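# One predicted model, sequence on top.
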Amino acid sequence: MITWIKFTLALAYLGLNTGCLRNNNATNLAHVSNHNQVFRFSGVDDLHRFLTYSDSRVPLISAHRGGPDLDYPENAIETFQRIAYKTPAIIECDIALSKDSMLVLMHDETLDRTSTGKGKVNRKTLEELKSFQLKDTQGNITSYQIPTLDEALSWGVGKVIFTLDVKRNVPYRLVIDAVRKARAEAYVAIITYNVDQAAMVNNLAPDLMISASIRHADDLLRLNDADVPDTRILAFIGTKEADKQLTDLLHQHGILCILGTMGNLDRQAEARGDQLYAEFVDNGADILSTDRPLQAAQSLDYYIQKRQLSSPYIN
């Protein structure tokens, strides 16, 4: 009997320790919470419907580079989580390529500004990139590491919508393959900067949403001529206050308008009051791409409650 008890305890001890080892080896993101669902999309068609303009649409914030702040680096899953805890959000993040062709989240071509690494991202293997720590907005070193796109997509399901800014020399096909592998079509849009890029993404993945730069009515015509359908477009309308004629036209086509408030418009809101974010929405913006996501979200929350707006796709 004593022998059997000792054997059972030994098995339990072994199981606990191998479990701990397995968890520690599996990922360096074990501390990132798998919190409750924010967005409720059963498939990509739900995302299409959610991102189509209607008078009752719920305005959103897009956290530029994921919403970095003190202690929270840009393009870090921990930073994304902080935003997602507090508000339904689009997370804009940047996709770079390592030396061994792994997709990682990094804005700059070099590592120096945002991490403890030095030199170009594309001259480091993933293993090397994972050895560096990320820096916050003040240059303080954090405990967080450079995430892969796969890790971000795995974390993000049900929690956020991603807009992926594909950096120079990163093939769109690789990014789309990663989205397919993660089955992330229902919570991802690909950022493009010209008609040729938008057409390429649409040809490679006609079911994916595309963020396209539309500053004038002619830009929409060129996208239509390139067979990019209105139903797949989010319009980035620039970083100046919205042109009402343009936003009215885009809304008539069912297209949501992303206004880039990062920079000058964020500074205006900080100086004049955060109610300015709601005014941007009143003037035609539907999504605010901002470096002040929590302040903007608070202003939009008041706007949403005042107008009694809701969506079946937001918990």
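Perfect, I can see it now.
# Every contact and neighbour count from this point should use C-alpha atoms.
Noted.
# Buried residues of stretch 196-215, list them for me.
By neighbour count on 16 or more other Cα atoms under 10 Å, the buried set for stretch 196-215 is 197-202, 205, 207-215.
# likewise stretch 114-122?
In terms of neighbour count (16+ other Cα under 10 Å), stretch 114-122 has its buried residues at Thr114, Ser115, Thr116, Gly117, Val121, Asn122.
# got a markdown table for those, with secondary structure and pLDDT too?
Below are the buried residues of stretch 114-122 laid out as a markdown table (DSSP: H, G, I helix; E, B strand; the rest coil; pLDDT from 0 to 100):
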| residue | secondary structure | pLDDT |
| --- | --- | --- |
| Thr114 | coil | 98 |
| Ser115 | strand | 98 |
| Thr116 | coil | 98 |
| Gly117 | coil | 98 |
| Val121 | helix | 98 |
| Asn122 | helix | 98 |
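# Let me have those residues in TSV, adding distance to Ile255 as columns.
Compiled in TSV, the buried residues of stretch 114-122 are given as follows (distance: Cα to Cα, whole Å):
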residue	distance to Ile255
Thr114	34
Ser115	37
Thr116	41
Gly117	41
Val121	35
Asn122	36
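# What pairs with the helix or strand where Ala96 lies, parallel or antiparallel?
Using DSSP states H and E, the element containing Ala96 is strand 89-97. Note on strand 89-97: by DSSP bridges, its sheet partners are strand 60-63 (parallel), strand 103-105 (antiparallel), strand 161-166 (parallel).
# Averaged pLDDT, that strand. What do you get?
Mean pLDDT, strand 89-97: 98.
# Show residues contacting that strand.
60-67, 75, 80, 83, 103-107, 109, 121-122, 149, 160-168, 170 (Cα atoms under 8 Å, 6 or more residues apart in numbering).
# cool, and stretch 61-74?
Residues from elsewhere that reach stretch 61-74 (Cα under 8 Å, 6+ apart): 75-76, 78-80, 83, 88-94, 107, 114, 134-138, 140, 142, 144, 262, 287-293, 296-297.
# at 7 Å instead, please
Stretch 61-74 is contacted from outside by 75, 79-80, 83, 89-94, 134-138, 142, 287-291, 293, 296-297, using Cα atoms under 7 Å, 6 or more residues apart in numbering.
# Derive a PyMOL selection command for the buried subset of the residues you listed.
Buried subset of those, written as a PyMOL selection, criterion 16+ other Cα under 10 Å:
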select buried, resi 75+79+80+83+89+90+91+92+93+94+134+135+136+137+142+287+288+289+290+291+293+296+297
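# Among the contacts of stretch 61-74, which lie within helices?
By the criterion of DSSP state H, membership of the contacts of stretch 61-74 in helices covers Thr79, Phe80, Ile83, Pro293, Ala296, Ala297.
# which one of the buried residues of stretch 114-122 sits closest to Tyr302?
Distance to Tyr302 across those (Cα to Cα) is lowest for Thr114, with 33.9 Å.
# out of the buried residues of stretch 114-122, who's nearest Ser54?
Nearest to Ser54 among those, with distances taken as Cα to Cα, is Thr114, at 39.0 Å.
# about what we covered before: could the ones in helices among the contacts of stretch 61-74 go into a markdown table alongside pLDDT?
Below are the ones in helices among the contacts of stretch 61-74 laid out as a markdown table (pLDDT from 0 to 100):
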| residue | pLDDT |
| --- | --- |
| Thr79 | 98 |
| Phe80 | 98 |
| Ile83 | 97 |
| Pro293 | 98 |
| Ala296 | 98 |
| Ala297 | 98 |
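# any chance of those residues in a markdown table, plus distance to Ala178?
As requested, the ones in helices among the contacts of stretch 61-74 are arranged in a markdown table below (distance: Cα to Cα, whole Å):
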| residue | distance to Ala178 |
| --- | --- |
| Thr79 | 21 |
| Phe80 | 19 |
| Ile83 | 24 |
| Pro293 | 27 |
| Ala296 | 31 |
| Ala297 | 30 |
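# Go through the residues you listed and name the one nearest Leu153.
Using Cα to Cα, these come closest to Leu153 at Phe80, 11.4 Å.
# What separation do you get for the closest one and Phe50?
21 Å (Cα to Cα, to the nearest Å).
# sorry, back to before: filter the buried residues of stretch 196-215 down to the ones in helices?
Counting by DSSP H, the part of the buried residues of stretch 196-215 found in helices is Gln197, Ala198, Ala199, Met200, Val201, Asn202.
# Just give the nearest non-adjacent residue to the second one, would you?
Right, the one you point to is Ala198. Using Cα to Cα, 6 or more residues apart in numbering and skipping residues adjacent in sequence, the residue nearest Ala198 is Thr192, 5.6 Å away.
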